[in-house]
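[1] Could you look at this predicted model? Sequence included:
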Amino acid sequence: MSVRAVKWTKDRKGNNLIFIGCLDGSLCCYEFNEAFDELDSIFIGESLFDCKSPINIIQSFDNNNSNNNKTDSNNDNNDDDDDDDVIINCGTSGGQMFIFQFRDKKLRLLYEWTAHPPVHSEDQLFREQFGSLHKSADIWSSIWSCRDRHYLLSASEDQSSKLWKLEWRYDNNNNNNNNNNNSNEKDVYITNATCVQELKGHSSAVTSVDWAIIRSDNTLEEKNSQELIATCADDRTIMIWKVYRDRSLVAIEKCDLIHIFKPQSVLGWFTFTYLRFLRNQLACGTENGYVLLFDMIRLLQTDCKCFHRGSIEGLQCDLQTNTVVVCASDCTVGIYSIKTSE
């Protein structure tokens with residue numbers, strides 16, 4: 001069966017993990033060591049969970065993502081830092097969201113819900129424009145909060161992005177028979193997922209989202225940073241949202257739209273496919289092979305180049321090397337060095 005989504009991450013012990021989502025709804029996981037001797041050297045399982053709908057995206061809660069790093073502020077969500085488990089979420093073509101815990105070579109389903117239900121309409125023009133949206137609303141992208149795993153953002157064919165607040169419960173594992181290493185291990189549960197805000201404004205499918213702390217200087221002081229969300233869509237726009245939290249920096253009060261990019265420098269027909277923050281910049285790819293850069297401090301477009309003869313089908317940024325890595329439908333992978341102001 002065709003592979004639709006891949007996520008490569010690490011647990012806090014340094015083990016490499018690759019999660020693979022397929023069009024038949026199966027989810028596979030592989031573990032391998034730092035030497036990369038054999039990718040299949042430790043095979044965790046095949047079809048560990050069948051969500052009965054194609055898996056479009058996989059994300060993991062990971063403090064080591066490009067801009068998902070801590071500030072000098074105190075964060076009371078200590079349960080996040082004490083947990084060695086890997087938490088992943090899967091979004092499907094049926095609009096469902098699944099969250100899993102990976103521990104001791106096993107996946108455990110923590111929570112599932114319909115994040116983006118079908119949009120019912122008897123309007124013929126609506127059905128012609130949005131196809132099967134009255135049957136299902138694909139989830140095309142998601143991202144965890146850059147501060148903790150209490151918030152998750154999902155983006156869909158239904159033209160919206162939804163901000164979800166997750167209610168977690170942590171219980172001491174009293175049934176553990178190991179006397180040494182896992183004596184302090186906790187069982188984790190999600191009891192509810194509540195949509196606290198819809199980020200509306202796009203007029204077509206929202207294809208990619210990212211979430212980051214943007215700093216105006218090299219310090220970690222909260223006063224010199226702002227928390228931003230970026231969304232892009234098939235309507236050829238990129239929207240920048242500012243996240244406002246309470247004084248403890250735990251609860252999100254609201255997200256406000258602060259800027260809309262409508263680039264005119266891309267030639268020919270295009271849509272935006274993927275975007276990613278890199279320090280104080282934003283990189284975005286298009287369906288006709290362009291990569292664009294935007295300055296998040298000045299909210300200006302800084303570069304636009306056509307590198308590929310096909311659609312940008314994946315885009316990631318590496319904080320350590322200041323590079324943007326893209327793969328495209330012209331069967332090429334591009335690695336591009338980015339100059340930053342830091």
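    Perfect, I can see it now. As the structure is a computational prediction, the values presented were derived from the model and not from experiment. Numbering: from 1, shown residues only.
[2] does the residue lying closest to Cys255 once chain neighbours are set aside belong to a helix or a strand, and which?
    Counting by C-beta to C-beta, 6 or more residues apart in numbering, Cys255 lies nearest to Trp241, which is 4.6 Å off, once chain neighbours are set aside. Using the backbone N, CA and C atoms, a C-beta is placed for each residue, glycine as well. Taking DSSP states H and E as the criterion, Trp241 maps to strand 238-245.
[3] sorry, back to before: what residues are bridge-paired with the residue nearest to Cys255?
    Ile229, Leu257 (DSSP bridges).
[4] Would you agree it is in contact with Cys232?
    No - contact criterion C-beta atoms under 8 Å: Trp241 and Cys232 do not qualify, at 12.0 Å.
[5] neighbour-wise, which of these two wins?
    Shown here are Trp241 and Cys232; by other C-beta atoms under 10 Å, Cys232 has more neighbours (28 against 24).
[6] what bits of the stretch 201-342 of the chain have low per-residue confidence?
    In the predicted model, the stretch 201-342 of the chain carries pLDDT under 70 at residues 218-222, 340-342.
[7] Quick one: mean pLDDT over stretch 165-177.
    The average pLDDT within stretch 165-177 is 76.
[8] brain fart, stretch 10-30
    The average pLDDT within stretch 10-30 is 84.
[9] still on that earlier bit, ok, the residue nearest to Cys255 - contacts?
    Taking C-beta atoms under 8 Å, 6 or more residues apart in numbering, we find Trp241 in contact with 199, 228-231, 255-258.
[10] Apply 6 Å and report the result again.
    199, 229, 255, 257 (C-beta atoms under 6 Å, 6 or more residues apart in numbering).
[11] Could you tell me which of these count as buried?
    Buried subset of the contacts of Trp241 (neighbour count, 16 or more other C-beta atoms under 10 Å): 199, 229, 255.
[12] Between those residues, which sits nearest Ile20?
    Of all the buried ones among the contacts of Trp241, Ile229 has the smallest distance to Ile20: 27.1 Å, by C-beta to C-beta.
[13] Against His202, how distant is the closest one?
    Per C-beta to C-beta, to the nearest Å, Ile229 is found 13 Å from His202.
[14] Low-confidence bits of the stretch 51-200 of the chain, can you list those?
    Counting by pLDDT under 70, the ranges of the stretch 51-200 of the chain that qualify are 51-52, 63-84, 120-135, 173-185.
[15] Would you map the helices across it?
    Secondary structure of the stretch 51-200 of the chain by DSSP state H, counting those that start in this stretch: the helices cover 78-82, 124-130.
[16] And the strands in the stretch 201-342 of the chain?
    In the stretch 201-342 of the chain, the strands defined using DSSP state E, counting those that start in this stretch lie at 206-215, 225-233, 238-245, 252-261, 272-278, 281-286, 290-295, 300-306, 312-318, 323-328, 333-337.
[17] So which of these is the most surrounded?
    Neighbour counts (mean count of other C-beta atoms under 10 Å) averaged over each of the strands of the stretch 201-342 of the chain peak at strand 281-286, with a mean of 26.
[18] Which secondary structure elements does that one sit against?
    Contact partners of strand 281-286 among helices and strands, from 3 or more C-beta pairs under 6 Å, 6 or more residues apart in numbering; DSSP states H and E: strand 272-278, strand 290-295.
[19] and Cys22, how many neighbours?
    With other C-beta under 10 Å as criterion, Cys22 counts 18.
[20] now swap in the one 10 residues further on and tell me
    Burial of Phe32, expressed as a neighbour count using other C-beta under 10 Å, amounts to 17.
[21] and if you look at Tyr151?
    For Tyr151, the count of nearby residues is 21 (other C-beta under 10 Å).
[22] ok, it - contacts?
    Counting by C-beta under 6 Å, 6+ apart, Tyr151 makes contact with 145, 165.
[23] follow-up on the earlier one: now tabulate the buried ones among the contacts of Trp241 in TSV and tack on distance to Gly334.
    Shown next, in TSV, are the buried ones among the contacts of Trp241 (distance: C-beta to C-beta, whole Å):
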residue	distance to Gly334
Leu199	30
Ile229	26
Cys255	32
